[in-house]
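In: here is a sequence together with a model predicted from it:
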Amino acid sequence: MPPEMVGWSRHGWVRLGEGWAGCLRSPLAEAEREEVADWCRAGRPLVIARGRTGDGAGELRLGLATPDKRRIGLHVAADAVAEHWRPLPLAEAVETAPEAWRAMLAELVLRALALGVRPAVYGSLAWQHRTELGYVRPDSDIDLLFAPRERWQLDGLLDLLTAACDGTPRLDGEILLPDGAAVAWRELAGRPARLLVKGPAEVSLRDLPSVLTLFDREDAA
C-alpha cells in the first residue's frame, strides 16, 4: 500500500471525484455505472471494502449499498478519490439512530471510552448517517468496530458487549486486531479453538492463542 493510503482501512469512506469512471480497474455493467454516477452526483460517499489478492498498489475496492439492500462493488484506482474519512465514530451517529436506541448507544460509547477504546460503526446506521437516507429498520443490527491495543482492553470490551448483546438492537461487528485484520466480536467472545479472521485482502482461519498473543505483544511493548 502506498504511504499516502495508510489508514484507508475497511469500513472507511470515500467520495469519488468527477473523473472516477476513467479510474475503473474492473468493468461495471452500464446500469450499475449509471447508478454510481447518479450517486456520486448527489455527493454521496461509498464505503471501503476488503481488497482481493492480486489487486495492484494504489487500488481500492468500494461498495455502494442502497436503502433497499442492493449492492454494487467498484474496483478503482485511488486517484478517483476526492475525499476520504476513517470509519464513522459511533458517538457521531448516536443521534441518527432510532430514539429508543440512543441512550443505550450513548452509554456504550462512554463505557468503551472508559476502556480507552473509541468505538466506530458501520453497516445500516453508518449509511444512514452518511447519506441521510432511510437504511435503519426496527430489526436492523448495529455493526460496531473496536480497535483495542492491549489485552485488558479486549477483555473489558468482550465483557461489555456480552452483557449488552441480548437487548435491542442486536449488537454485531468486529474487533480490529493489532495486525490490521479483524474478527467478529461474538465469535471471539465464544473462545473457539479457531477463528475466522478477515485480513485486508483475504479471509483465513487462525487458532485462538495466536490471535490473543497479538494483544499480549502490545502489553509488552
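Out: Good, I have the coordinates.
In: pull the contacting residues for residue 142.
Out: For residue 142, the contacting residues are 97, 101, 105, 121, 123, 125, 169, 170, 171, 172, 173, by C-beta atoms under 8 Å, 6 or more residues apart in numbering. Backbone N, C-alpha and C define where each C-beta goes, glycine included.
In: mind listing the residues bridging to it?
Out: residue 171 (DSSP bridges).
In: can I see the domain layout of the chain?
Out: 3-85, 88-220 (automatic domain parsing).
In: as JSON lines, those domains with mean pLDDT would be great.
Out: Output for these, formatted as JSON lines (pLDDT from 0 to 100):
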{"stretch": "domain 3-85", "mean pLDDT": "93"}
{"stretch": "domain 88-220", "mean pLDDT": "94"}
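In: who does the nearest residue to residue 74 once chain neighbours are set aside bridge with?
Out: Spatial nearest neighbour of residue 74, excluding adjacent residues (C-beta to C-beta, 6 or more residues apart in numbering): residue 62 at 4.3 Å. Beta-bridge partners for residue 62, by DSSP bridges, are residue 48, residue 74.
In: residues of stretch 46-55 that come out buried?
Out: 46, 47, 48, 49, 50, 51, 55 (16 or more other C-beta atoms under 10 Å).
In: the fourth one contacts residue 64, doesn't it?
Out: Think residue 49. No: judged on C-beta atoms under 8 Å, residue 49 makes no contact with residue 64 at a distance of 10.0 Å.
In: sorry, back to before: Serialize the buried residues of stretch 46-55 to TSV and add fields for distance to residue 153.
Out: Formatted as TSV, the buried residues of stretch 46-55 follow (distance: C-beta to C-beta, whole Å):
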residue	distance to residue 153
46	31
47	26
48	24
49	27
50	24
51	27
55	32
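In: residue 21: which of those is nearest?
Out: residue 46 (13.5 Å; C-beta to C-beta).
In: number of nearby residues for the residue lying closest to that closest one once chain neighbours are set aside?
Out: Spatial nearest neighbour of residue 46, chain neighbours left out: residue 62 (4.3 Å); criterion: C-beta to C-beta, 6+ apart. When neighbours are counted by other C-beta atoms under 10 Å, residue 62 registers 22.
In: now residue 62: how far from residue 118?
Out: Going from residue 62 to residue 118 by C-beta to C-beta, to the nearest Å gives 24 Å.
In: need the helices for the protein, in chain order.
Out: Per DSSP state H, the chain carries helices over the ranges 30-41, 90-93, 99-114, 124-131, 151-164, 185-189, 208-220.
In: mind putting those in JSON lines, distance to residue 80 included?
Out: JSON lines is the format used below for the helices of the chain (distance: least, C-beta to C-beta, whole Å):
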{"stretch": "helix 30-41", "distance to residue 80": "10"}
{"stretch": "helix 90-93", "distance to residue 80": "25"}
{"stretch": "helix 99-114", "distance to residue 80": "33"}
{"stretch": "helix 124-131", "distance to residue 80": "18"}
{"stretch": "helix 151-164", "distance to residue 80": "35"}
{"stretch": "helix 185-189", "distance to residue 80": "32"}
{"stretch": "helix 208-220", "distance to residue 80": "33"}
